[in-house]
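Student: here are the coordinates; sequence isn't available:
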């Protein structure tokens, strides 16, 4: 499991951990049943507080991405594909909202924004 933290990010560290673990689960990089590092080990690896990793794991468990078994550790939970799709759509909507706000600040029209999106989406066949 690879997690990269950024001090320049506006997102708090625990949120950066959550987003990256969710992304790895949704992409299939982390498989159902796969163990996650212990909270203590992850804190040591990332050189952050144990409280921060605990908060991230608690949020991931609350959101249904991981399961915590006392004495055994945390494991990736089997995911409902509809739930994963909804989570992905929600993330995309958040990013598009930011892009729309930025475009509005630059004075770009909806047509300009569509053109940019079509160029960036390009040959992506994931439609």
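Tutor: The structure has been received and is ready for your questions. For clarity, every value in this text was computed on a predicted model and none was experimentally measured. Numbering: from 1, shown residues only.
Student: Summarise which helices and strands the helix or strand containing residue 98 is packed against.
Tutor: If you go by DSSP states H and E, residue 98 is part of helix 81-106. When contacts are defined as 3 or more CB pairs under 8 Å, 6 or more residues apart in numbering; DSSP states H and E, helix 81-106 packs onto helix 13-27, helix 110-121. No exception for glycine: its C-beta is placed from N, CA and C like everyone else's.
Student: Provide the angle between the direction of it and the direction of helix 110-121.
Tutor: Counting by axes from the mean of the first three to the mean of the last three CA atoms, to 10 degrees, helix 81-106 lies at 130 degrees to helix 110-121.
Student: begin at 16 from here
Tutor: New numbering, starting at 16: the last item is helix 96-121.
Student: Among the helices and strands packed on helix 96-121, which comes closest to residue 92?
Tutor: When the helices and strands packed on helix 96-121 are compared by CB to CB, helix 28-42 sits nearest residue 92, at 8.3 Å.
Student: Nearest residue to the middle of this protein?
Tutor: residue 34 (2.4 Å; CA atoms, centre = their mean).
Student: Look up the closest residue to that residue, ignoring the ones flanking it.
Tutor: Nearest residue to residue 34, sequence neighbours excluded (CB to CB, 6 or more residues apart in numbering): residue 26, at 7.1 Å.
Student: what secondary structure does the one you found sit in?
Tutor: Here residue 26 is recorded as coil under DSSP: H, G, I helix; E, B strand; the rest coil.
Student: Residue ranges of each domain in the protein, please.
Tutor: Domains of the chain are assigned by automatic domain parsing as 28-91, 96-136.
Student: Pull the distance from the helix or strand hosting residue 71 to the chain's centre.
Tutor: Assigned by DSSP H and E, residue 71 belongs to helix 65-77. Computed by CA atoms, centre = their mean, to the nearest Å, the chain-centroid distance of helix 65-77 equals 14 Å.
Student: likewise stretch 121-136?
Tutor: The answer for stretch 121-136 is 25 Å, by CA atoms, centre = their mean.
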